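# Would you be able to build a 3D model of this:
(chains A and B)
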Amino acid sequence: MSATGIAIEWREAGFSYASTAAAASVRGVSFAQREGECVVVTGPSGCGKTTLARMANGLIPAVYAGEAEGEVRVFGRAVADWEMDDLSCAVGSVFQNPRSQFFNLDTTSEIAFGCENMGVPPDEIARRIAATTRALGIDHLLERDIRALSGGEKQLVAVASVHAMEPSAFVLDEPTAALDVRAMLRLRDVVARLKAAGKTILIAEHRLWWLRGVADRIVLMRDGAVATEMSAEEFAQMPAETRRRIGLRAWDIEQVEPRAAGAAREKPQGRAEGASALIVRGLKVRYGRSGPFVVNDCDFDAAAGRAVALVGRNGAGKTTFARCLAGLHAEAAGEIRIEGEALGPRKRAGRVFLGMQESGYQLFSDTVEGELRLALDARRARKAPAAGGEGLDAARESETALIDAALANFGLEELRGRHPLSLSGGQRQRLAIAAGSLQGSCVLVLDEPTSGLDLANMERIAAEIDRLKAAGHCIVIITHDFEFACATCDEVAHFENGRIAERFDLTPSTAPRARTLFGFD
Amino acid sequence: MLAEPDGCRSSLRAAASEGRTLGKACSTRVTVADARGALPSRRLDPRVSIAILVLINATAFAPRLVVGQIAMVALCAAVAIWCGRAASAVKWCAAYAGVMAAGYAFLLVPNAAAASFATMIVMVRCVFCVGMFASTMIATTRVGELACALQRMRLPRHGIIAVCVALRFFPTMAGEFRAVIEALRVRGMAITPKSIVTQPVRVMENLLVPVMSRLSIVADELSNAAVVRGMDSARPRTSYYDLRLRTADIVFLALFAATATVLLLSKFGVIS
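Now for the predicted structure:
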């Protein structure tokens, strides 16, 4: 498109947002991306990679107000000189959350939507939809209800809807935050196809392994500036120690190893070690009165003081299983025992804590401290529904001590007075887990606790789970994050066809099998 | 008039399945989810849907002819069944029967309280068809087709976008509320009839604050997506869909129009 062969160029560029809540600012970025090149921008949370992406696709300055310096040039022209329409047609954007970038309820309308807005004639739109689905290999996704698609399929439709506008460059801002391993491999396949078609691709991302073999260059950011840039080959040479020290996720998943058996396992105190805190027998769950069983005759035990990673394909029924454990979905048959007591769905709610992917839903107080107090209130309400006035003061005092201990344990002391919804994603997730442990739930089921988190936040949550294990909690984690599972899980359970098909301890010797189950081929 | 309206789409299908053989390597991996979320195959033209909705609204408060009202419900059920939503049609009809029965039951008890309930039920019966037809319309109409219909009615661009986003908004909103209610149960603070009576303010706060904060995040993300997808573009908007009236559209429209005429005539006392 331009004579120089440079697609996107930052010249001493910087930007600071007018409102501080928006995102991290960047300064003094000088970097040129060649046409047809795939560049990955990475770094710890708050390093400014999203801001860099927004400078390339024109959201800065079109949507975000703030102070800009230097210049960003796209295909030889300064972003400020582009009409937003033209820029959107030249640089396509895909965002993090697959749920909130849709305007239609069916896939075909959605793919056509951008073209319709740009005034492309109907015949041309039909041609482009056909060309797009062929180019990306997603013809099976046409004519579908978007809400029924998995996160990975939604993300592919998002790429397709941008592709139909026929841009020369793509900007992907954390596109895999909500995806599982198989969906990430699919996305890699699509990115490879785009690259083969000569498109320029800029990806801001935490999780790196899926970009191996596709990325040409890696840009490392730190505190709003480019720390270094290197070719993918150079980056592959970087020792794992160095990579971890600068806060980056794994590049080569083969190098990720579980902790050695025994060495890292502290003995759980308090409750008896190895006692099954959760026993599931013959569980059957389905939607409606005549639907097929999503969970079918499932037996499952989980011991206090241990963490089990629940893995399996998208749509295998893991989440339904978890919702049933937490009492959100009634079972059709079978029995669930918590600490030896068989409990119906209503009784389980609150006894089994379910950590949701969007932890923002689960926080209801106006301060971090208040959130933990709510958790204790819930525990008291359940334990003694008609507690008398006596001993209440003593109880309050011990409650304050409990809250202080939890704040210290989970590293939330400094955030004590903050509003839960003003916290970062990682902090929110930690607070939700802390509340779950304080409300007296012995069994904690966590659904993708590390989606969209960088290395430091992921490790902090792993440490938090280690502490819960030591306190005798039983943890079940649905996860697609192999690095995270290796950091904290003792066992892997493979959920398939509505039951646990396979189960083993996660050790270096079983790691290859675990990798296969996570979806790495 | 009887031309195949899906012509453009079926040729696209053919082109796509050609692509399937080319892109075999990657389509084999994703066969599990193939059946999920297939769209309903038959639907009314959105312009006809809008016209019928207007007719139903115009006759909603002409209840003198119970037979006419029952005919309207039957027609709505026929549309739902034609669109492949038989289960929904059965549910709505059962609900209507329930409302009718309740109305007559209250009439049997001659006191003031029962009379006010009976009045309420008459109101519910009047607007019943509106809800019934709208549910079918929202479930089957494609946003893209609706946008096309509105464009032909020469609605301004921003109006069209607003309608489209609103259609998408209601299912999203319902989903958000469901998620928060579940989160409350997980936190041991389930909403119960008792908690609604004893702590109504607390319940509202717990429900609304997370939903509002989520919606504001979704709104920000959506508006970013809107900008880069050219929603504010100055270029004249086009539409991928080509709307054509089919026999079924005309038949249903005629039936609704006839029923509405009878109801209106009875309301103004032309026929009794």
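# Enumerate the residues of the stretch 401-521 of chain A near chain B.
The stretch 401-521 of chain A comes close to chain B at residues A:421, A:435, A:439, as judged by C-beta under 8 Å from any C-beta of the partner chain. Any C-beta I mention is one placed from the backbone N, CA and C, and that applies to glycine too.
# Point out where chain B drops to low pLDDT.
Of all residues in chain B, those with pLDDT under 70 make up the ranges B:1-37, B:62-64, B:271-272.
# tell me the domain ranges of it?
Domain assignment for chain B by automatic domain parsing gives B:46-142+B:243-267, B:171-228.
# To A:Ala250, which of those lies closest?
Closest to A:Ala250 of the domains of chain B is domain B:171-228 (C-beta to C-beta; 27.9 Å).
# if you look at the closest one, does any of it touch chain A?
Yes: Domain B:171-228 is in contact with chain A by C-beta under 8 Å from any C-beta, via B:171, B:179-180, B:182-190, B:205-206, B:209-210, B:213-214, B:217-218, B:221-228.
# So what's the gap between stretch B:234-242 and the chain middle?
Chain-centre distance of stretch B:234-242: 24 Å, with C-alpha atoms, centre = their mean, to the nearest Å.
# let me redo that: stretch A:111-125
32 Å.
# mind listing what's buried in that stretch?
By neighbour count on 16 or more other C-beta atoms under 10 Å in any protein chain shown, the buried set for stretch A:111-125 is A:111-118, A:120, A:122, A:125.
# same deal with stretch A:425-440?
Buried, per 16+ other C-beta under 10 Å, within stretch A:425-440: A:425-440.
# ok, A:Phe520 - contacts?
A:181, A:253, A:482 (C-beta atoms under 8 Å, 6 or more residues apart in numbering or on different chains).
# ok but it is inside a strand, no?
No: looking at A:Phe520 with DSSP: H, G, I helix; E, B strand; the rest coil, it is coil, so not inside a strand.
# which residue does chain A bring closest to chain B?
A:Ala148 (2.7 Å; C-beta to the nearest C-beta).
# Skip the chain neighbours and tell me the closest residue to A:Arg128.
A:Ala164 (4.7 Å; C-beta to C-beta, 6 or more residues apart in numbering or on different chains).
# and that neighbour, how many residues sit next to it?
A:Ala164: 28 surrounding residues under other C-beta atoms under 10 Å in any protein chain shown.
# Check which residues of stretch B:261-272 are buried.
Within stretch B:261-272, the residues that count as buried by 16+ other C-beta under 10 Å are B:262-263, B:266-267.
# Serialize those to TSV and add fields for distance to B:Phe106.
Putting those into TSV (distance: C-beta to C-beta, whole Å) gives the following:
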residue	distance to B:Phe106
B:Val262	27
B:Leu263	24
B:Ser266	24
B:Lys267	24
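# Take the residues you listed and keep only those in helices.
Members of the buried residues of stretch B:261-272 lying in helices (criterion: DSSP state H): B:262-263, B:266-267.
# out of those, which touch chain A?
Of those, not one also sits near chain A (C-beta under 8 Å from any C-beta).
# closest to chain A among those?
B:Leu263 (32.6 Å).
# coming back round to it: let me know the closest of the contacts of A:Phe520 to A:Ala342.
Using C-beta to C-beta, the contacts of A:Phe520 come closest to A:Ala342 at A:Phe482, 34.7 Å.
# What is the burial count for the nearest residue to that closest one once chain neighbours are set aside?
The shortest distance from A:Phe482 to any non-neighbouring residue, by C-beta to C-beta, 6+ apart, is to A:Phe518 (4.9 Å). The burial count assigned to A:Phe518 is 21, neighbours taken as other C-beta under 10 Å.
# same thing with A:Leu446?
26.
# so what's the residue lying closest to it once chain neighbours are set aside scoring on pLDDT?
Of all residues beyond its chain neighbours, the one nearest A:Leu446 is A:Gly355 (3.8 Å), with distances taken as C-beta to C-beta, 6+ apart. On pLDDT, A:Gly355 comes in at 90.
# just A:Val29 next, same as before
In this model, A:Val29 carries a pLDDT of 93.
# Make sure I have this right: it is in a helix.
No: counting by three-state DSSP, A:Val29 is not found in a helix; it is strand.
# Quick check: bridge partners of it?
A:Ala13 (DSSP bridges).
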